[in-house]
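**Q** Generate a structure from the sequence data that follows.
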Amino acid sequence: MIKIGDRIDSRYRIVSRIASGGMADIYEANDLVSRRIVSIKVMKEELLKNPANLARFNNETAAAASLNHPNIVKVYGRGMVDGRPYMANEYIKGQTLRDKLSFSLSLSLTDCCDVMLQLTSGIDYIHRHGIIHRDIKPDNLFYLSDGTIKITDFGIAAPIGYSSSGDSIQGTIYYCAPEVLTGAPASIANDVYSMGVVFYECLTGQLPFEGNSLEEVALKQIKKRFPEPSKLVPSLPKSIERIVITACRKRPEERYLTSSSMHEAILEAMKEKESWKGERKGLLSRIFGFK
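**A** Below is the predicted model of the structure:
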């Protein structure tokens with residue numbers, strides 16, 4: 001059992017326990033070599049019995065450790081402690097984008113675009129390294145106090161073209177591209193679709209498809225036309241709506257071919273920012289026209 005004051009690999013001194021998630025316990029620690037604060041993510045002992053859990057944890061550490069981008073949570077080191085794998089990450093003090101959307105509903109249209117510019121930049125970097133994230137959603141995006149976005153959770157990341165065995169769906173149904181739900185290999189188009197759903201949610205405060213069961217949501221993702229966000233936010237600029245709709249087209253080949261092309265489309269739309277009507281402080285203002 002890890003206690004306050006313990007040292008891991010003679011390098012990381014445990015300061016406090018931050019949280020306990022579904023797969024790991026997370027601690028704040030001092031890196032005695034670099035003299036910085038880090039977070040230590042240690043896999044839960046009871047999960048070691050399932051090889052799939054161990055594979056997911058090791059996959060996350062391996063994928064994230066190879067990346068270095070300002071919008072991706074850095075991995076500084078990894079190893080074993082008490083027979084459990086751990087990784088030392090960049091210490092992030094802030095909430096997730098999910099927290100931001102759930103509790104404040106305060107993203108302005110400009111802030112929505114800024115979130116997406118950072119997200120598309122980070123994901124494009126991942127893609128250029130041959131990796132598909134496969135689980136892009138607000139829960140896996142840290143939203144720092146200065147507005148910086150940090151991408152995390154590479155547990156089910158996979159190489160471009162990877163096909164998962166078995167019948168299980170990898171990812172979160174609400175953000176899954178239609179082809180993912182029918183077993184298509186991992187592709188850039190999968191992540192582009194997920195980013196489009198995140199953009200839709202930032203703009204409207206709602207998910208595009210909901211239902212009484214995950215099966216119902218999956219069927220809607222596959223068969224139902226993607227809803228225009230302007231139906232919920234009438235003042236939304238057409239240029240922004242086009243980006244969401246293009247990213248979320250049913251056919252992968254009709255979406256943005258790269259994350260960088262989606263990034264460029266957002267930059268182009270923001271050139272019209274001065275002419276955007278009704279740019280309010282937050283979501284409720286945009287929907288109801290508060291002044």
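**Q** Can you give me the domain boundaries for the protein?
**A** 7-90, 95-288 (automatic domain parsing).
**Q** would you list those in CSV and tack on mean neighbour count and mean pLDDT?
**A** Every residue, glycine included, has its C-beta placed from N, CA and C. Output for the domains of the chain, formatted as CSV (neighbours: other C-beta atoms under 10 Å; pLDDT from 0 to 100):
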stretch, mean neighbour count, mean pLDDT
domain 7-90, 16, 91
domain 95-288, 18, 90
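**Q** can I get those in TSV with distance to Met1?
**A** Below are the domains of the chain laid out as TSV (distance: least, C-beta to C-beta, whole Å):
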stretch	distance to Met1
domain 7-90	8
domain 95-288	24
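**Q** for the chain, what spans make up the strands?
**A** Using DSSP state E, the strands found in the chain span residues 7-8, 12-20, 24-31, 36-43, 75-81, 84-90, 95-96, 131-132, 141-143, 149-151, 158-159.
**Q** so what secondary structure elements neighbour the longest helix seen in the chain?
**A** Using DSSP state H to define each element, the chain has its longest helix at helix 109-128. Secondary-structure packing of helix 109-128 (3 or more C-beta pairs under 8 Å, 6 or more residues apart in numbering; DSSP states H and E): strand 141-143, strand 149-151, helix 188-204, helix 259-270.
**Q** if you set the cut-off to 10 Å instead, what comes out?
**A** helix 97-103, strand 131-132, strand 141-143, strand 149-151, helix 188-204, helix 238-247, helix 259-270, helix 283-288 (3 or more C-beta pairs under 10 Å, 6 or more residues apart in numbering; DSSP states H and E).
**Q** Can you tell me how far the closest residue to Asp124 other than its chain neighbours is from Ile2?
**A** In this structure, Asp124 finds its nearest non-sequential neighbour in Ser259, 3.7 Å apart by C-beta to C-beta, 6 or more residues apart in numbering. According to C-beta to C-beta, to the nearest Å, Ser259 stands 38 Å off from Ile2.
**Q** next one: Ala65
**A** According to C-beta to C-beta, Ala65 and Ile2 sit 21 Å apart.
**Q** Confirm for me that Thr17 is in contact with Ala24.
**A** Careful, residue 17 is Arg; it's not Thr. No. Applying C-beta atoms under 10 Å as the test, Arg17 and Ala24 come out as separate, 11.4 Å apart.
**Q** what touches both of these two?
**A** Counting by C-beta atoms under 10 Å, 6 or more residues apart in numbering, the residues touching both Arg17 and Ala24 are Ile40.
**Q** Between the two ends of stretch 244-251, how far is it?
**A** End-to-end span of stretch 244-251 (C-alpha to C-alpha, to the nearest Å): 14 Å.
**Q** wait, which of the helices and strands packed on helix 109-128 is closest to Thr110?
**A** With respect to Thr110, and counting by C-beta to C-beta, the nearest of the helices and strands packed on helix 109-128 is helix 259-270 at 7.7 Å.
**Q** residues in contact with that closest one?
**A** 109-110, 112-128, 188, 191-192, 195-196, 199, 237-243, 246-247, 255-256, 258, 276.
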